[in-house]
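Colleague: Quick one: sequence plus predicted model below, questions after.
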There are 2 protein chains.
Amino acid sequence: MIVKAETTAPSEQTRARLLDAAREVFSQHGFQNATVREICRRAKTNVASVNYHFGSKDGLLAEALNFAQLGALQLANVKTDERPEARLRSFIRDFMLMLLDEKTPSSQCQIMARELADPSPALDKIVREAIAPLHKFLGELVREIVGDKTSEAELRRCVHSILGQCLFYRHSHPVLQRLHPKLRYDHQEIDAIAGHIAGFSLEGIKYLAKKSG
Amino acid sequence: MIVKAETTAPSEQTRARLLDAAREVFSQHGFQNATVREICRRAKTNVASVNYHFGSKDGLLAEALNFAQLGALQLANVKTDERPEARLRSFIRDFMLMLLDEKTPSSQCQIMARELADPSPALDKIVREAIAPLHKFLGELVREIVGDKTSEAELRRCVHSILGQCLFYRHSHPVLQRLHPKLRYDHQEIDAIAGHIAGFSLEGIKYLAKKSG
DNA sequence: AAGCGTATCAAACACTTGTTTGAATGTAAA
DNA sequence: TTTACATTCAAACAAGTGTTTGATACGCTT
């Protein structure tokens, strides 16, 4: 059938399976602790396929990265005509969902979070394509709230405070699980956490605005 | 000379050298990425000595851990008769110094921070001896500020917000270094960061107290 | 000095890792 | 059918890991 020729070639299928499996394993175990064999097992293919299709484990990570979702989130947020406070609220909520949701995990964001603590050769690309834009976006958003009086250094520290709170729940997950075994990151809990972070941060930001202004 | 017999035996010396080197390497590279060979190189001893003196790499980590400094910090803080707001301020400052100071790095705290993201077999001990007490201490301190009205869940989230902000600077150091190459964690910069975190957090906490009260 | 237990060391071991190889397989054009 | 090419695979490779071994050196008692 001609149809088959128009769909993906067989080689493209294993490529896609490898990328899916790689995103899964990298986000769960981090780059260093993820093994090529585990990835290939999940992709139901041979160990050699990684090097055949992507050259190396590094190459696989580089191609598996795709921060379109995170970028789209920021773009949609900017396009809203809501007040900056509300935009910060909803961004934190969306971001926490990407970081924590057990059902629809954005493996991209989880990989990004992991890379912070344990850099891989792809860190430069990740910083350039995901982290730097994210800091820039949040910086501009906070700037709208605090006004022009606040210094760049203080503004940056606000961004760090927000990101630090968000990432804490991802980084410390194994520990928090032990401290509070009944904890589950369902939709409701994530909403509560995001609401707290937004409220907590907005007070800090507004205080800073008053102090500087 | 009899004196020599009263000082440490030669075997104790290499034990001590191993522990020192282990703390150094574990705090710099994390448990997984630290190699026994690197530790022994710095301790100027043979690879086999780790297993001879500590049984295994795990055993070495277990004995290298010592959270006395962190505990002493909390005890001294409680003993102060200052107001809780001031106590939170000074604790955050001391904690950030332990986490970031390039000159006197508290390898213990850096190991603890690393374990959050990348657990080792010693995580249980670390949670029990360092992290759980730390959360408890901060919880009680924040409770003094917010009063009895605030729920346990919200109180806990405040503690998470504080810790998240503090740990962010340690976890994200490689990334922040790339975003702001001129950044240095000297005493002055750490003071500024700690001051920001304390001010930022106190506003969030007080807001929560009002909201609940 | 001889004997004994501890501590150190170079070397090897067992295992895992990412990567490479060369043969086998499938696909499509000649 | 034959040929050429891309893909897949089992197996091996090379390097790094924590750990073990057996010999050697040291300090101390007898």
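Modeller: Done, it's in.
Colleague: What residues does chain A have near DNA strand C?
Modeller: With the criterion set to CB under 7 Å from any atom of the strand, chain A comes near DNA strand C through A:5, A:10, A:34-37, A:47-48, A:50-51, A:56-58. Yep, even glycine has a C-beta here, placed from its N, CA and C like the rest.
Colleague: ok, of the residues you listed, which come out buried?
Modeller: Buried by 16 or more other CB atoms under 10 Å in any protein chain shown: A:Ala34, A:Val36, A:Val50, A:Lys57, out of these.
Colleague: For the residue nearest the centre of chain A, give me its contacts.
Modeller: For chain A, A:Cys109 is the residue whose C-alpha lies nearest the centre (CA atoms, centre = their mean; 1.9 Å). Under the criterion of CB atoms under 8 Å, 6 or more residues apart in numbering or on different chains, the neighbours of A:Cys109 are A:Gln69, A:Leu70, A:Phe95, A:Met98, A:Leu99.
Colleague: so is A:Pro121 in a helix, a strand, or just coil?
Modeller: coil (DSSP: H, G, I helix; E, B strand; the rest coil).
Colleague: Contacts only, for it.
Modeller: A:Asp58, A:Leu61 are the contacts of A:Pro121 under CB under 8 Å, 6+ apart.
Colleague: And the pLDDT for it?
Modeller: With respect to pLDDT, A:Pro121 scores 93.
Colleague: From A:Gln13, how far out is it?
Modeller: Distance of A:Pro121 to A:Gln13, computed by CB to CB, to the nearest Å: 27 Å.
Colleague: Identify each buried residue in the longest helix seen in chain A, please.
Modeller: Counting residues, the longest helix found in chain A (DSSP state H) is helix A:187-212. For helix A:187-212, burial by neighbour count (16+ other CB under 10 Å) applies to A:190, A:193-194, A:196-205, A:207-209.
Colleague: And the furthest pair within those residues?
Modeller: Farthest-apart pair in the buried residues of helix A:187-212 is A:Ile190 and A:Ala209; separation 28.0 Å (CB to CB).
Colleague: I'd like the distance between the residue lying closest to A:Leu61 once chain neighbours are set aside and A:Leu88.
Modeller: Leaving aside its chain neighbours, A:Leu61 sits nearest to A:Ala122 (4.9 Å; criterion: CB to CB, 6 or more residues apart in numbering or on different chains). Going from A:Ala122 to A:Leu88 by CB to CB gives 29 Å.
Colleague: got it, and A:Ala16?
Modeller: Distance of A:Ala16 to A:Leu88, computed by CB to CB: 36 Å.
Colleague: Between the two, tell me which one has more neighbours.
Modeller: A:Leu88 (23 against 12; other CB atoms under 10 Å in any protein chain shown).
Colleague: Please indicate which of the contacts of A:Cys109 are buried?
Modeller: With burial judged by 16+ other CB under 10 Å, the buried subset of these is A:Leu70, A:Phe95, A:Met98, A:Leu99.
Colleague: touching chain B at all, the helix or strand harbouring the last one?
Modeller: Under the assignment given by DSSP states H and E, the secondary-structure element containing A:Leu99 is helix A:84-100. No: with CB under 8 Å from any CB of the partner chain as the threshold, helix A:84-100 lies outside contact range of chain B, at a closest distance of 11.9 Å.
Colleague: buried ones in that helix?
Modeller: Across helix A:84-100, burial judged by 16+ other CB under 10 Å covers A:84, A:87-100.
Colleague: now swap in stretch A:62-80 and tell me
Modeller: A:Ala62, A:Glu63, A:Ala64, A:Leu65, A:Phe67, A:Leu70, A:Leu73, A:Gln74, A:Asn77.
Colleague: Reformat the residues you listed into a markdown table and put distance to B:Asp20 next to each item.
Modeller: As requested, the buried residues of stretch A:62-80 are exported to a markdown table (distance: CB to CB, whole Å):
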| residue | distance to B:Asp20 |
| --- | --- |
| A:Ala62 | 39 |
| A:Glu63 | 43 |
| A:Ala64 | 40 |
| A:Leu65 | 39 |
| A:Phe67 | 42 |
| A:Leu70 | 42 |
| A:Leu73 | 46 |
| A:Gln74 | 46 |
| A:Asn77 | 49 |
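Colleague: In strands, which of the residues you listed appear?
Modeller: Among the buried residues of stretch A:62-80, no member falls in strands (DSSP state E).
Colleague: which of those lies closest to B:Arg42?
Modeller: Distances from B:Arg42 to the buried residues of stretch A:62-80, taken by CB to CB, are shortest for A:Ala62, at 33.6 Å.
Colleague: Okay, helices next: where are they in chain A?
Modeller: Using DSSP H, helices in chain A cover A:2-6, A:10-33, A:36-43, A:48-54, A:57-64, A:68-79, A:84-100, A:107-117, A:123-126, A:132-146, A:152-171, A:173-179, A:187-212.
Colleague: A:His180: neighbour count?
Modeller: 12.
Colleague: Now stretch A:133-144: buried residues?
Modeller: Residues of stretch A:133-144 classed as buried by neighbour count (16+ other CB under 10 Å): A:Leu134, A:His135, A:Phe137, A:Leu138, A:Leu141, A:Val142, A:Arg143.
Colleague: State the distance from the second one to B:Leu202.
Modeller: Spelled out, that is A:His135. Distance from A:His135 to B:Leu202, by CB to CB: 24 Å.
Colleague: If we ignore the residues flanking it in sequence, what's nearest A:Met112?
Modeller: A:Ala130 (5.3 Å).
Colleague: pLDDT wise, what is that neighbour at?
Modeller: Value listed for A:Ala130 in the pLDDT field: 96.
Colleague: picking that back up, need the max-distance pair from the contacts of A:Cys109.
Modeller: A:Gln69 and A:Leu99 (12.0 Å).
Colleague: so how many other residues sit close to the residue lying closest to A:Glu102 once chain neighbours are set aside?
Modeller: Closest residue to A:Glu102 apart from its sequence neighbours, by CB to CB, 6+ apart: A:Tyr185 at 5.6 Å. Applying other CB under 10 Å, we find 21 residues neighbouring A:Tyr185.
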